[in-house]
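Colleague: For reference, the sequence and a predicted model appear below.
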Amino acid sequence: MPTPISRDDVARVAQLARLTLTDDELDRFTGQLGAVLDHARDIEALDIDDVPPTAHPYPLVNVLRADEVGATLDRDEVLAQAPSAEDGRFREPPILGRSRERSARLGTGHRRGRAQRLRVGDRGARGAPGRHRRNGDAIAAFNHVMVDEACCRSSGRRCGGAGRRPGPLAGVPIALKDNLCTRGVPTTCSSKILEGWRPPYDATVVQRVLAAGAVPVGKTNLDEFAMGSSTEHSAFGPTRNPWDLERVPGGSSGGSAAAVAAGFAPIALGSDTGGSIRQPASLCGVVGVKPTYGLVSRYGLVAFASSLDQIGPFATTVSDAADLLGVIAGHDPLDSTSIPDAAADLGPAVAAGRNGDLAGVRVGVIAELDGDGIDADVRAQLDAAARAIEDAGGHVATTSVPAVTYGLSAYYLIAPAEASSNLARYDGVRYGNRVEGATTGEMMDATRTAGFGDEVKRRIMLGTYALSAGYYDAYYGKAQRVRTLMQRDFAEAYASFDVLLAPTAPTVAFPFGAKDDPLTMYLSDVCTIPSNLAGHPAMSVPFGAGQDGLPVGVQVLAPTLGESVMFRVAAALEAAAPLVGRAPHAAPPIGGVR
Ligand code: GLN
């Protein structure tokens with residue numbers, strides 16, 4: 001078992017990750033990383049060396065080209081293509097030298113001017129004060145409200161054309177998490193490092209909702225790079241929960257969840273790596289779905305942890321969520337992890353559930369997620385949901401999925417490891433502003449240090465450490481073996497049950513600052529992480545209220561491509577759920593009175 005992480009280890013990892021830390025930060029991060037790694041001791045102690053590791057939910061099929069090893073080029077040909085060498089070192093390609101000369105000629109004044117123009121242009125549209133003003137609310141769900149450009153683009157081009165059949169989402173406003181690329185529209189991941197970036201292309205899901213006639217109304221706030229469970233870790237300030245403005249909306253897709261709960265848009269898209277759609281949906285009293293890994297294309301989703309990330313819908317009803325999933329699901333050749341299976345039509349399943357028909361459906365309540373660590377008010381609603389399922393003709397029994405207790409430890413090694421690799425691309429050379437006289441290395445360090453917030457830095461350092469020589473097997477390797485256990489234990493449970501039932505989150509929405517300690521915050525994901533590790537679908541449905549009248553979500557989990565039965569059970573739960581009304585800080589319904 002590795003020794004506890006030391007201050008020197010953290011200093012070394014920070015250097016590898018190109019982050020410059022002050023002495024205070026070094027002390028603080030050492031304590032915080034130590035606490036997370038200490039928590040992971042439960043999996044270090046597992047004797048599972050004979051269990052094979054799982055790096056990815058499915059064995060990957062490369063849909064882009066046949067993976068055949070071709071003949072090797074002959075040596076002369078390879079050498080003819082190699083850069084020229086001098087004193088045993090490769091010489092800089094001439095193109096780099098030319099651009100350096102050019103920038104020297106132009107001087108930094110020119111470059112600064114350009115950077116400034118970008119910032120000024122942005123402030124009106126997306127800067128923090130503008131966001132609150134233009135949002136017209138205290139909730140601050142949006143980083144950028146798409147009142148002009150994108151709105152005209154979508155509604156004019158897609159719906160207004162003469163003779164075109166309106167798409168299934170014709171005219172429906174949709175909010176988009178700000179880690180989905182939107183052509184010409186700022187996409188920030190709520191990070192300073194991406195400020196001013198306007199992607200030159202739309203994510204596949206964005207293209208699909210536009211083609212279906214939806215009208216994007218804005219880019220929603222998130223925890224920076226989707227790392228968090230409260231939307232407090234956004235570089236642009238937190239989003240507030242429309243049920244209680246002193247509480248968090250959950251995260252990381254807190255802006256999307258709050259936008260739907262507040263009635264700013266009836267549907268929204270988010271991303272879920274460890275629970276970031278389901279947990280905020282639960283805390284905001286809306287429906288949130290994480291589809292089967294690979295069912296929805298991630299092309300144009302800014303990557304966090306690639307073997308876990310999945311895009312999915314938020315909606316006020318199960319039926320709307322099914323419609324939105326129908327629009328975004330389906331194979332995409334631009335995403336090599338996109339599975340070829342066509343998305344099932346969820347309409348009949350939703351109709352059956354809504355009619356209270358769960359005849360013959362076998363539902364297992366996960367014993368490990370119905371005990372310690374889950375608040376009593378949440379457990380009470382879970383019990384009520386189980387009874388509602390029985391009333392609709394389903395069979396409910398308790399079942400065990402032992403590996404879920406190790407999910408958190410495995411996730412907080414795997415997700416940071418993948419994140420540290422994905423976020424290495426923000427090197428400050430292409431994303432940052434040049435500083436006169438600085439070397440490229442210094443620029444990288446400075447941009448990353450100033451551009452990333454603390455939570456992102458913690459993840460990058462944790463991941464860099466977990467992947468480093470000497471620790472790889474004990475941390476990352478072990479976590480991958482736990483992932484195999486997770487898949488095996490789920491497979492065993494699904495041999496006897498069609499779906500599983502669990503809380504979505506251990507608590508209702510919590511007050512700002514209540515979980516300042518990172519490990520405490522990470523515990524919010526204990527019920528949602530297992531499905532991401534397994535690659536399975538899962539969704540949260542509002543079911544009654546808990547403490548202080550705040551919404552509670554119940555989670556329905558299903559095996560790979562089990563969306564149909566999952567939506568059927570979710571629709572039955574929705575039909576049976578106690579009425580809790582609208583969020584007190586929601587916008588008045590259009591054309592109605594509050
Ligand atoms: N809260 C989890 C995390 O911080 C999950 C985030 C997510 O699903 N994007 O990593």
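Modeller: On my side now, so go ahead.
Colleague: Tell me, how many residues neighbour the residue in the stretch 351-500 of the chain positioned nearest to the ligand?
Modeller: Closest contact between the stretch 351-500 of the chain and the ligand, by C-beta to the nearest ligand atom, is at residue 415 (5.3 Å). (Glycine included, C-beta is placed from N, CA and C.) Per other C-beta atoms under 10 Å, the neighbour tally for residue 415 reads 29.
Colleague: show me what contacts it?
Modeller: 273-274, 304-305, 308, 459, 463 (C-beta atoms under 8 Å, 6 or more residues apart in numbering).
Colleague: Which helix or which strand is home to it?
Modeller: helix 407-422 (DSSP states H and E).
Colleague: If you average the pLDDT over that helix, what comes out?
Modeller: For helix 407-422, mean pLDDT is 96.
Colleague: now swap in stretch 187-195 and tell me
Modeller: Here the average pLDDT along stretch 187-195 is 93.
Colleague: Do it and the ligand come into contact?
Modeller: No. Judged by C-beta under 6 Å from any ligand atom, stretch 187-195 makes no contact with the ligand; its nearest approach is 10.9 Å.
Colleague: Show me which residues of this structure sit near the ligand.
Modeller: Residues of the chain lying close to the ligand (C-beta under 6 Å from any ligand atom) are 226-229, 252, 271-276, 304, 415, 525.
Colleague: and those residues, which of them are in helices?
Modeller: Those of those mapping onto helices are residue 415, per DSSP state H.
Colleague: Can you pull the poorly scored residue ranges out of the stretch 51-200 of the chain?
Modeller: Applying pLDDT under 70 to the stretch 51-200 of the chain flags residues 59-73, 77-84, 86-137, 148-164.
Colleague: Quick check: the residue of it nearest the ligand.
Modeller: residue 179 (8.8 Å).
Colleague: Give the burial count for residue 538, as a bare number.
Modeller: Residue 538: 30 neighbours (other C-beta under 10 Å).
Colleague: State the pLDDT value of it.
Modeller: 98.
Colleague: Let me see the contact set for it.
Modeller: So residue 538 contacts 278, 289-290, 528, 531, 555-558, 566 (C-beta under 8 Å, 6+ apart).
Colleague: run the last query once more with 7 Å
Modeller: 278, 290, 531, 555-557 (C-beta atoms under 7 Å, 6 or more residues apart in numbering).
Colleague: Residue 283 now?
Modeller: 241, 249-250, 505, 508-509.
Colleague: need the residues you listed in CSV with secondary structure, pLDDT and neighbour count, can you?
Modeller: Below are the contacts of residue 283 laid out as CSV (DSSP: H, G, I helix; E, B strand; the rest coil; pLDDT from 0 to 100; neighbours: other C-beta atoms under 10 Å):
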residue, secondary structure, pLDDT, neighbour count
241, strand, 98, 33
249, coil, 98, 33
250, coil, 98, 35
505, coil, 98, 28
508, coil, 98, 26
509, coil, 98, 29
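Colleague: Out of the residues you listed, which comes closest to the ligand?
Modeller: residue 250 (8.8 Å).
Colleague: shouldn't that closest one be in contact with residue 280?
Modeller: Yes. Look at residue 250 against residue 280 with C-beta atoms under 7 Å: they come within range, at 3.3 Å.
Colleague: Residue 5 versus the closest residue to the ligand within the stretch 1-150 of the chain, what's the distance?
Modeller: The minimum distance from the stretch 1-150 of the chain to the ligand, using C-beta to the nearest ligand atom, falls at residue 36 (11.5 Å). Computed as C-beta to C-beta, to the nearest Å, the residue 36 to residue 5 distance reads 9 Å.
Colleague: can you check residue 537 too?
Modeller: For residue 537, the distance to residue 5 - C-beta to C-beta - is 36 Å.
Colleague: more crowded one of the two?
Modeller: Legend: neighbour count by other C-beta under 10 Å for residue 537 and residue 5, higher for residue 537 (28 against 23).
Colleague: ok so, going back, what sits against the residue of the stretch 1-150 of the chain closest to the ligand?
Modeller: Counted by C-beta under 7 Å, 6+ apart, residue 36 has contacts 412, 462, 518-519.
Colleague: 6 Å - rerun?
Modeller: Contact analysis of residue 36 by C-beta atoms under 6 Å, 6 or more residues apart in numbering lists 412, 519.
Colleague: do residue 323 as well
Modeller: So residue 323 contacts nothing (C-beta under 6 Å, 6+ apart).
Colleague: Could you tell me whether it really is in a helix?
Modeller: Yes. Assigned with DSSP: H, G, I helix; E, B strand; the rest coil, residue 323 falls within a helix.
Colleague: Could you measure from the residue of the stretch 451-594 of the chain found nearest the ligand over to residue 422?
Modeller: Here the stretch 451-594 of the chain gets closest to the ligand at one residue, residue 525, 4.7 Å apart by C-beta to the nearest ligand atom. Going from residue 525 to residue 422 by C-beta to C-beta gives 19 Å.
Colleague: ditto for residue 396
Modeller: When residue 396 is compared with residue 422 (using C-beta to C-beta), they lie 40 Å apart.
Colleague: can you pull out the strands in the stretch 101-250 of the chain?
Modeller: For the stretch 101-250 of the chain, the strands defined by DSSP state E, counting those that start in this stretch cover 142-145, 173-177, 215-220.
Colleague: Mind checking those strands for the one nearest to residue 362?
Modeller: Nearest to residue 362, of all these, is strand 173-177, at 34.1 Å by C-beta to C-beta.
Colleague: Output the contacting helices and strands for the closest one.
Modeller: strand 215-220, helix 254-261, strand 267-271 (3 or more C-beta pairs under 6 Å, 6 or more residues apart in numbering; DSSP states H and E).
Colleague: after the last one comes which helix or strand?
Modeller: On the C-terminal side of strand 267-271, the nearest following helix or strand under DSSP H and E is helix 278-284.
Colleague: The helix or strand just after that following helix - which strands sit beside it in the sheet, and in what orientation?
Modeller: Proceeding N to C from helix 278-284, the next assigned helix or strand is strand 287-290, under DSSP H and E. Paired neighbours of strand 287-290 in the sheet (DSSP bridges): strand 311-315 (antiparallel), strand 538-545 (antiparallel).
Colleague: So what's the gap between the longest one and the chain middle?
Modeller: This points to strand 538-545. 19 Å (C-alpha atoms, centre = their mean, to the nearest Å).
Colleague: What of stretch 357-369?
Modeller: 27 Å.
Colleague: And that stretch, end to end?
Modeller: 26 Å (C-alpha to C-alpha, to the nearest Å).
Colleague: now do stretch 505-520
Modeller: Termini of stretch 505-520 sit 13 Å apart (C-alpha to C-alpha).
Colleague: cool, and stretch 420-438?
Modeller: Stretch 420-438: ends 24 Å apart by C-alpha to C-alpha.
Colleague: Double-check that residue 553 belongs to a strand.
Modeller: Yes. Judged by three-state DSSP, residue 553 forms part of a strand.
Colleague: What average pLDDT does stretch 11-25 get?
Modeller: 96.
Colleague: now the end-to-end length of that stretch.
Modeller: Note: stretch 11-25 ends 10 Å apart using C-alpha to C-alpha.
Colleague: buried set for that stretch?
Modeller: Buried residues in stretch 11-25, counted by 16 or more other C-beta atoms under 10 Å: 13-14, 17-19, 21, 25.
Colleague: Of all pairs in the residues you listed, which one spans the longest distance?
Modeller: Among those, 18 and 25 lie farthest apart (C-beta to C-beta), at 14.5 Å.
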